[in-house]
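fold the following, please.
(one chain, ligands or ions: 1)
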Amino acid sequence: MKTLVFILICLLMIQCHKNNWTSSEKNIIETQSPVLRVLTVNNVADSICLRKKSIPLSPDEINSNLYKQLAAKMIATVTSPEQDGVGIAGPQVGINRRVVAVQRFDKTEKPFVVYPNIRIIAKRGDVERGPEGCLSVPGRRGEVMRYKDIVISYTSPFTLRDTTENILGFTAVIFQHEIDHLDGILYTDKLSE
Ligand code: ZN
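Numbers count the residues shown, from 1 in each chain. Next up is the predicted model:
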């Protein structure tokens with residue numbers, strides 16, 4: 001009996017880590033093209049999604065075609081002429097998953113890179129004040145205190161293993177802003193005097 005319960009729990013746990021894209025997520029990713037609609041605080045339903053805590057992506061989900069489409073469309077959206085941003089997070093396109101696209105100003109080509117299951121594992125040095133805006137808060141700017149030296153951890157979409165990286169300067173600020181989105185936090189919550 002105990003063995004049976006153990007096997008059932010194991011099966012349940014395996015099931016939980018498989019492809020669990022919801023029909024709403026599939027609908028957004030597959031039907032919105034070529035760019036995704038960016039949610040804003042001006043819309044009540046959008047605000048609920050922007051304030052929700054996002055959930056991680058399983059290795060199977062990161063390995064899926066749907067994830068590849070989402071990653072490509074997040075980059076297409078943030079780089080589109082109407083948005084022209086430096087970063088975007090899952091909730092901003094109606095996907096409450098822990099995924100962000102960030103422009104790597106610290107690399108020569110300044111590429112946009114998508115990071116699943118992103119989190120900050122270390123913050124170093126002092127915070128510095130700097131100007132910020134957000135695609136989901138149209139027409140506003142404000143100053144926020146951020147670290148300029150952080151260590152990020154994410155699941156590599158290639159190896160599906162946890163990867164860490166040290167990020168410096170303005171790129172570190174973008175990471176902090178986008179990762180806040182995954183916990184339902186907007187930069188306007190953190191405006192400094
Ligand atoms: Zn933002």
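
quick one: low-confidence ranges for the chain?
In the prediction, the chain carries residues with pLDDT under 70 at positions 10-17, 193.

let's see 90
Low-confidence regions of the chain, defined here as pLDDT under 90, cover residues 1-19, 33, 192-193.

determine the longest strand present in it.
If you go by DSSP state E, the chain has its longest strand at strand 137-147.

what residues does it touch?
By C-beta atoms under 8 Å, 6 or more residues apart in numbering, the list of residues contacting strand 137-147 from outside reads 40-42, 123-134, 172-173, 176-177, 186-188, 190-192. C-beta here means a position set from N, CA and C on the backbone, and glycine is covered the same way.

check stretch 57-73 too.
Residues contacting stretch 57-73 (C-beta under 8 Å, 6+ apart): 16-21, 25-26, 29-30, 32-36, 90, 93, 95, 97-99, 101, 114, 116-117, 155, 157, 160.

buried ones among those?
When neighbours are counted using 16 or more other C-beta atoms under 10 Å, the contacts of stretch 57-73 contain these buried positions: 21, 25, 29, 35-36, 90, 93, 95, 97-99, 101, 114, 116-117, 155, 157.

how about the strands in the chain?
87-89, 99-103, 112-116, 119-123, 127-134, 137-147, 149-155, 162-168.

show me the one of the ones you listed that comes nearest His181.
Counting by C-beta to C-beta, His181 lies closest to strand 87-89 out of the strands of the chain; the figure is 3.4 Å.

list the helices and strands that closest one packs on?
Applying 3 or more C-beta pairs under 8 Å, 6 or more residues apart in numbering; DSSP states H and E, one finds that strand 87-89 contacts helix 65-78, strand 99-103, helix 170-182.

tell me the strands beside that strand, with direction?
When pairing is defined by DSSP bridges, strand 87-89 lines up against strand 99-103 (antiparallel).

contacts for the partner strand?
Taking contacts as C-beta under 8 Å, 6+ apart, the residues outside strand 99-103 that touch it are 54, 57, 70-71, 74-75, 78, 86-90, 110-118, 171, 174-175, 178-179, 181-182.

one more: stretch 80-92?
Outside of stretch 80-92, the residues that reach it under the criterion C-beta under 8 Å, 6+ apart are 35, 38-39, 49-50, 52, 54, 70, 74, 77-79, 96-103, 105, 135-136, 174-175, 177-179, 181-182, 184.
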